[in-house]
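Asker: have a look at this prediction, sequence included:
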Amino acid sequence: MHGPELLLLLLGALIVTAIARRLNWSAPLVLVAVGLVVSFIPGVPEFELDPHLILLVVLPPLLYSAALDSSYLNIRANLRPIGLLAVGLVLFTTVVVGVVAKLVFPDLPFAAALVLGAVVAPPDAVAAVAIGRKLGLQRRAMTLLVGESLINDATALTAFKVAVAAAAGAAMAPWQGVGLFLLVTAGGIAVGLLVGVVVRFLRKRLCEGVLESALGLLVPFGAYLLAEEVAHVSGVLAVVVAGLYVGHHSPRGRYSTRLQDAALWKALDVLLEAFVFALIGLQVSAIIADVDLDAALLLGAGAVLLAAILARFVWMYPATYIPWYLSKRIQEKEREPHLGQVTVIAWTGMRGVVTLAAAAAIPQDVPGRSIILFCAFVVTVATLLLQGMTLPWLINKIGFAGDDARQDALAEAQVQHRAAQAAVTRLDEEVEDVPDHVRDQLRALAEHRGNAAWERLGRQEEENPAAAYRRLRRVMLSAERDEFVKARDAGEIDDEVLFRVMRELDLEEAALSRE
């Protein structure tokens, strides 16, 4: 893939993403569909996939960004179900798909069939999480999806390495494979913690938020390379653990760093996700051209697709309900799992970037490589389009809505009241020779913030005082901006003055517009 082609791909993917968002459609699904159509247009250059580019340049920042935004406490509280999904389900799917692939492709060695199973085992929750957030999926379901997507890549890539080694002729006993998995898992966690501690130490001693954000850009790549190339352990887990550690401690950092990081990683996520999902669709015509397309291959790929989808359902229900019914401790901590929620999570098995990269990384000497590659892309594209397009309908049909928003509002109001009291107390302690109007203004601001959460909680239909305050203050800020822009255009002030004032006004509006 040359520079002009890469730039064209990125630009086209961003345009499609912008149109999809404007129409309130799922951007990942639209990108795959558009890429699929474009790949069959004569004259369109072939976008060859470099697995090293995906695994080193694309995957680490996407995982790191997701980990930064994830709740370490929620993941820790749901570690058992996340582990059953991210480890148990991945290994179960690997074996099930491997057995089915061996049955429908008798000439394919079983080790090579397991390679296919490992390739299609890990779901990518990007599309599912985007749909779930838009439709108000319960927080626990979102935590399970995000936690699974953060960890299952490491499981699948480790199983992939073991299966590829066996398919290439390397002898490995089952216990050796288990030992290798435990080693790379523990090593990846250790490297991630080390990187997270070092990064936090450095960021606390840097003098500017810009430098902290610049350092943050290096973290996913550094953690991945340190784990994979130096320690020979799971780079994916190292990136995830580093992101969870840094994200958990970010509230103790500088506000400027948090503002910059949020904008930086959101922009990078949009760019990389657009690139990846467009690339998935663009690969289809090239994959089809490399195989002898016949009824046997299509039926076999369909069977593999069905096995990958059904394996998730077969695993989900027992893995969810058996521990709950057998353990009184779990029953005391958790409510009985909602059947609809379990069904929705079982249907969120869309494959994505890891399947794409792993399939392209299969060595040429692995028997049946072209068949494995074709089946992997069938599973990826079909699950993205089939499950992704029907997931909103399923969520709306089941119609289970939690009270997370109400509970959040109540908890925020209670803590905000205490925070306002603490702020006023600190103000009284610090006041020395301060004009009365300054003290009164600061006290009124603290009381306003303390009351705002209660007002939002109690008044849902009409505009409450806090909302009116924010609306009117935004109008005032807009008027101030207009005056400064006019002054700049008239030559009364320099651009440097305008930029400084604009940043101050923008920060105030950002505080008003907090989500």
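Answerer: Cool, the structure landed.
Asker: which parts of stretch 80-99 are buried?
Answerer: Residues of stretch 80-99 classed as buried: 81-87, 89-98 (neighbour count, 16 or more other C-beta atoms under 10 Å). C-beta coordinates here come from the backbone N, C-alpha and C atoms, glycine included.
Asker: now stretch 107-116
Answerer: Buried, per 16+ other C-beta under 10 Å, within stretch 107-116: Leu108, Pro109, Ala111, Ala112, Ala113, Leu114, Val115, Leu116.
Asker: what's the answer for stretch 493-504, then?
Answerer: Going by 16+ other C-beta under 10 Å, stretch 493-504 has these buried residues: Ile493, Leu498, Val501, Met502.
Asker: what do you get for stretch 63-81?
Answerer: Leu63, Tyr64, Ser65, Ala66, Ala67, Leu68, Ser70, Ser71, Asn74, Ile75, Asn78, Pro81.
Asker: what's the closest of these to Arg473?
Answerer: For the buried residues of stretch 63-81, the closest approach to Arg473 (C-beta to C-beta) belongs to Leu68, at 29.8 Å.
Asker: check contacts around the closest one.
Answerer: Gly243, Val246, Gly247, Ser250, Asp261, Trp265 (C-beta atoms under 8 Å, 6 or more residues apart in numbering).
Asker: how close does it get to Gln283?
Answerer: 29 Å (C-beta to C-beta, to the nearest Å).
Asker: phi, psi of the closest residue to Pro123 other than its chain neighbours?
Answerer: Among residues not flanking Pro123 along the chain, Gly349 sits closest, at 4.6 Å (C-beta to C-beta, 6 or more residues apart in numbering). Main-chain torsions, Gly349, degrees, to the nearest 10: phi -100, psi 40.
Asker: mind listing what Gly349 touches?
Answerer: Going by C-beta under 8 Å, 6+ apart, Gly349 touches Pro123, Ala308, Ile309, Arg312, Thr383, Gln387.
Asker: equivalent analysis for Val276, please.
Answerer: Ile54, Val58, Leu62, Gly352, Val353, Leu356.
Asker: for those residues, work out which two are farthest apart.
Answerer: Leu62 and Leu356, at 12.4 Å, using C-beta to C-beta across those.
Asker: distance check, Ala167 against Thr390.
Answerer: For Ala167, the distance to Thr390 - C-beta to C-beta - is 34 Å.
Asker: so these two - more neighbours on which side?
Answerer: Ala167 (25 against 12; other C-beta atoms under 10 Å).
Asker: in terms of helices and strands, where is the residue lying closest to the more buried one once chain neighbours are set aside?
Answerer: Spatial nearest neighbour of Ala167, excluding adjacent residues (C-beta to C-beta, 6+ apart): Ala111 at 4.0 Å. Here Ala111, judged by DSSP states H and E, is contained in helix 110-120.
Asker: cool, and Leu144?
Answerer: helix 139-167.
Asker: mind giving me the packing neighbours of the helix or strand that that helix is followed by?
Answerer: Of the helices and strands lying after helix 139-167 in sequence (DSSP H and E), the nearest is helix 174-205. Packing contacts for helix 174-205, counted by 3 or more C-beta pairs under 8 Å, 6 or more residues apart in numbering; DSSP states H and E, involve helix 139-167, helix 209-225, helix 235-249.
Asker: my guess is the residue nearest to Ala167 contacts Val162, does it?
Answerer: No - checked against C-beta atoms under 8 Å, the pair Ala111 and Val162 is beyond contact range at 9.5 Å.
Asker: now do stretch 61-79: distance to the chain's middle.
Answerer: In terms of C-alpha atoms, centre = their mean, to the nearest Å, the centre of stretch 61-79 is set 9 Å apart from its chain centre.
Asker: what's the answer for stretch 51-70, then?
Answerer: 9 Å.
Asker: 17 is where my numbering starts, stick with that
Answerer: Okay, residue one is now 17; in that scheme the one you just asked about reads as stretch 67-86.
Asker: export that stretch to PDB, keeping only CA atoms.
Answerer: Extracted in PDB, the C-alpha atoms of stretch 67-86 (Å, rounded to 0.1, in the frame of the first residue of the first chain):
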ATOM      1  CA  PRO A  67      -0.500  -7.800   9.400                       C
ATOM      2  CA  HIS A  68       2.400  -6.100  11.100                       C
ATOM      3  CA  LEU A  69       0.900  -2.700  10.400                       C
ATOM      4  CA  ILE A  70      -2.300  -3.800  12.000                       C
ATOM      5  CA  LEU A  71      -0.800  -5.500  15.100                       C
ATOM      6  CA  LEU A  72       1.800  -2.800  15.800                       C
ATOM      7  CA  VAL A  73       0.400   0.500  14.500                       C
ATOM      8  CA  VAL A  74      -3.400   0.100  14.700                       C
ATOM      9  CA  LEU A  75      -4.300  -2.400  17.400                       C
ATOM     10  CA  PRO A  76      -2.200  -1.000  20.300                       C
ATOM     11  CA  PRO A  77      -3.600   2.600  20.300                       C
ATOM     12  CA  LEU A  78      -7.200   1.300  19.800                       C
ATOM     13  CA  LEU A  79      -6.800  -1.000  22.800                       C
ATOM     14  CA  TYR A  80      -5.000   1.600  24.900                       C
ATOM     15  CA  SER A  81      -7.700   4.300  24.200                       C
ATOM     16  CA  ALA A  82     -10.400   1.800  25.100                       C
ATOM     17  CA  ALA A  83      -8.600   0.900  28.300                       C
ATOM     18  CA  LEU A  84      -8.100   4.600  29.300                       C
ATOM     19  CA  ASP A  85     -11.900   5.100  29.100                       C
ATOM     20  CA  SER A  86     -12.800   1.800  30.900                       C
END
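Asker: isn't Ser250 up against Leu199?
Answerer: No - applying C-beta under 8 Å as the test, Ser250 and Leu199 come out as separate, 9.3 Å apart.
Asker: more crowded one of those two?
Answerer: Ser250 (29 against 14).
Asker: dump the residue contacts of that one.
Answerer: Ala170, Leu173, Thr174, Val200, Thr201, Gly203, Gly204, Ala243, Glu244.
Asker: make a markdown table out of the residues you listed and add pLDDT.
Answerer: Formatted as a markdown table, those follow (pLDDT from 0 to 100):
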| residue | pLDDT |
| --- | --- |
| Ala170 | 85 |
| Leu173 | 87 |
| Thr174 | 85 |
| Val200 | 87 |
| Thr201 | 88 |
| Gly203 | 93 |
| Gly204 | 92 |
| Ala243 | 94 |
| Glu244 | 92 |
